[in-house]
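Student: here is my input, please return the structure:
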Amino acid sequence: MTNTHFPRRVREFQGNLSTAPQKATKTIMKRLRSLPQHFLLSLALFGSLPGTVAAQEWHYYGGDAGGSKYSSLRQITRDNVKALKVAWTYHTGDVSEGDAYDRPVRSAFECTPLVVDGVMYITTPFARVVALQAESGKPIWAFDPHLDKYRPYPQFVNRGAAFWRHGQDKRILVGTLDGRLFALNATTGKLINGFGENGYIDLKRDTANGSPDRLNGMTSPPLIYKNVIIAGTVVSDTEPLGPSGDVRAFDVETGKLKWRFHSVPQPGETGHDSWEGNSWKSRGGTNAWSILSCDEQRGILYVPLTSPAYDSYGGDRKGRNLFGDALVAIDALTGKVLWYYQIVHHDLWDFDLPAQPVLVDLPHNGATIPAVVQVTKMGFVFVFNRLTGEPVFGIEEKPVASSDIPGEQAWPTQPFPVKPAPIARQGMTMDDVTDVTPQSRAECLTILNGVKLGHLYDPMGATYKLRFPGGDGGPDWGGASYDPDTNSLFVNSMDIGVIGKLERAPEGSELTYRYRGKGYFWDSNQYPCQKPPWGRLTAIDLSTGNFRWQVPLGIREELAAKGLPPTGAPNIGGSIVTGGGLLFIAATNDSRFRAFDTNTGQQLWSAILPASGFATPMTYVGANTGKQYVVIAAGGGHRYGGNRFSDALIAFSLP
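Tutor: Presented below is the predicted three-dimensional model:
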């Protein structure tokens, strides 16, 4: 059946349903069984219910406002996924290998596209927004915010945009590294003149704290709830004082400020007494650089906050330091704090909450709990009742090591969830030193000479110490995906240690001590110095908190050629889950895009990308072709990706 016959057949079905429901149902089911699968997907796509259409597309960074990264699409299945081929490729042209713009700033293509009404919206590392035809990848329009590429950013990166609609008014909202929040007409790409100042808001206004030249912008998409756009921020944490990490809400139509949440509590606010003396004043860090989540039914915002600055020494900020490293539930329309839980007290390890909170309806002990799941760099997975903040599996405050640095007061305890078990390495012994090759072992033993083997929450000291996880995690901003059909949470993680110490800062510095690192705990071939696996993918049964399975994620081809089992690999980016029983993930530094069986963890398919896909994929159905597409940004670079760069956005589909 061709698409030209489609509207007539839909009208016929709708007429039967309205006049003779029972008879029509039998007739329709019989006729539906005779139709090709692509027609059934098109029928769903063009159904009269908006929710049905939305289910075929990807309207939020995380698939939905709660960050599940789940799609009910099931055209691509365990049985046919091996047939996936490249459907189209779009090249953004936006790449920096660190040798342009007079500064060694590399780019990272970390975008997860949106697809709304058959149009795909992507952001490039330079924060350009491009609208594409979702089925062909052909450009429709592009918007360039003209980012100043000569500033010393840590990295050129933008993870995506947000979409808002009211009647015929459709907008794309995107933030930039230099602290601007733009509103664009989703149809034309033109600035919305009635928004802010000629189409954008200056996010640096009233937040610079006397440091106007330090990093103060956005790398992750904002969150939109009703008529409110909520923006986190990425700020400099290289000095103790700096731009504010406050979370703010603006009117999505006018750009006017609606509320502001002080991530470092002001006098009279809850948590202010967790900062000794005046250490709260102009404090940097304690920001939400990652992705926010929202319970749209209840209007509750969930914010994952990061470590206060400076993130390796806190002698000038004694106390628990709320709301540093806390998951905070906020009324999305008013900014009122509803509950919070601090996951790391007085952070000395850069253990930001890096990932989007995942909202799930959790079957547990015979009841259904509205839950929020927070993945952490430490490899812990915290599960809370999202209405009350009560832990689902229990959390224990356990004693941890004290600091030997004068003036530092490490907090004496830290929270440890009873379940699930840690999904990442949190320490090692000499028995764990690598043996993948004799050369690697010898080199790693040399690296360890004079280095203390630390444990989780051991503060940095005056001598070099090895720490697991490193500053990037464990899990990082890729976070988790959730399959409601099996109540399973899927998390990718890596085990890359770091070696560092604290040393006296130069005279006149803002701090007494500063961190000095030896870099990642790997050899000259970038083989991590502990025995594999070096990267893993873990499935957790959230009803019990137990692992369903855990498998290595990623390979080193030269080691595999020698007969070694898969070692796993460093990975940055996330996964998605589909109704076809599949988990799709790139993330690894081996330039692979993979599909796994969600029931067993068996790898069913892989494709070689032009560069590693340090991003989270997405999936949707084409309105005309009826095909399910899976898309990944393959930009390479990054600190784990070596010197292979790309600007490719690649869509896969069945032939």
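Student: contacts, neighbours, all on C-alpha from now
Tutor: Noted.
Student: quick one: list the elements packing against the lengthiest strand in the chain.
Tutor: Using DSSP state E to assign secondary structure, the strand with the most residues in the chain is strand 641-653. Secondary-structure packing of strand 641-653 (3 or more Cα pairs under 8 Å, 6 or more residues apart in numbering; DSSP states H and E): strand 85-91, strand 628-637.
Student: residues making contact with the first one?
Tutor: Contacts of strand 85-91 from elsewhere in the structure, counted by Cα atoms under 8 Å, 6 or more residues apart in numbering, are 136-138, 647-655.
Student: Provide the strand pairings for it, with the direction of each partner.
Tutor: strand 641-653 (antiparallel) (DSSP bridges).
Student: would you mind finding the most buried of the helices and strands packed on strand 641-653?
Tutor: Greatest average neighbour count among the helices and strands packed on strand 641-653 goes to strand 628-637 (a mean of 27), per mean count of other Cα atoms under 10 Å.
Student: quick one, it and strand 85-91 angle?
Tutor: Per axes from the mean of the first three to the mean of the last three Cα atoms, to 10 degrees, the angle that strand 628-637 makes with strand 85-91 is 50 degrees.
Student: what about the longest strand of the chain, distance to the chain center?
Tutor: Averaging C-alpha positions (Cα atoms, centre = their mean, to the nearest Å) puts strand 641-653 18 Å from its chain's average.
Student: which positions in it come out as buried?
Tutor: For strand 641-653, burial by neighbour count (16 or more other Cα atoms under 10 Å) applies to 641, 645-653.
Student: could those be laid out in CSV, adding pLDDT?
Tutor: As requested, the buried residues of strand 641-653 are exported to CSV (pLDDT from 0 to 100):
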residue, pLDDT
641, 71
645, 94
646, 96
647, 97
648, 98
649, 98
650, 98
651, 98
652, 98
653, 98
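Student: residue 341 contacts residue 326, doesn't it?
Tutor: Yes - if you go by Cα atoms under 8 Å, residue 341 and residue 326 touch, sitting 5.4 Å apart.
Student: the more surrounded of those two?
Tutor: Shown here are residue 341 and residue 326; by other Cα atoms under 10 Å, residue 326 has more neighbours (23 against 18).
Student: residue contacts, the more buried one?
Tutor: Contacts of residue 326 by Cα under 8 Å, 6+ apart are 304-306, 340-344, 353.
Student: mind checking pLDDT for it?
Tutor: At residue 326, the pLDDT value in this model is 98.
Student: tell me the bridge partners for it.
Tutor: For residue 326, the beta-bridge partners are residue 342 (DSSP bridges).
Student: residue 504 now?
Tutor: residue 513.
Student: wait, it sits on residue 510?
Tutor: No - the pair residue 504 and residue 510 does not pass the contact test of Cα under 8 Å, sitting 11.5 Å apart.
Student: burial count for residue 432?
Tutor: Using other Cα under 10 Å: residue 432 sits among 12 other residues.
Student: give me the phi and psi for it.
Tutor: Note on residue 432: backbone dihedrals following degrees, to the nearest 10 are phi -90, psi 0.
Student: was I right to think it contacts residue 531?
Tutor: Yes - using Cα under 8 Å, residue 432 is in contact with residue 531, at 5.7 Å.
Student: before we move on, the earlier item: any chance of the buried residues of strand 641-653 in JSON lines, plus distance to residue 158?
Tutor: Shown next, in JSON lines, are the buried residues of strand 641-653 (distance: Cα to Cα, whole Å):
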{"residue": "641", "distance to residue 158": "17"}
{"residue": "645", "distance to residue 158": "16"}
{"residue": "646", "distance to residue 158": "15"}
{"residue": "647", "distance to residue 158": "13"}
{"residue": "648", "distance to residue 158": "15"}
{"residue": "649", "distance to residue 158": "14"}
{"residue": "650", "distance to residue 158": "17"}
{"residue": "651", "distance to residue 158": "19"}
{"residue": "652", "distance to residue 158": "22"}
{"residue": "653", "distance to residue 158": "26"}
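Student: between the residues you listed, which is nearest residue 203?
Tutor: Taking Cα to Cα as the measure, residue 203 lies nearest residue 647 of these, at 28.0 Å.
Student: save the helices and strands packed on strand 641-653 as CSV, and put in mean pLDDT and distance to residue 361 too.
Tutor: Output for the helices and strands packed on strand 641-653, formatted as CSV (pLDDT from 0 to 100; distance: least, Cα to Cα, whole Å):
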stretch, mean pLDDT, distance to residue 361
strand 85-91, 98, 35
strand 628-637, 96, 26
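Student: among the ones you listed, which is nearest residue 425?
Tutor: Here strand 628-637 is closest among the helices and strands packed on strand 641-653 (Cα to Cα), at 24.9 Å.
Student: mind listing what that closest one pairs with, with the direction of each?
Tutor: By DSSP bridges, strand 628-637 pairs with strand 618-621 (antiparallel), strand 641-653 (antiparallel).
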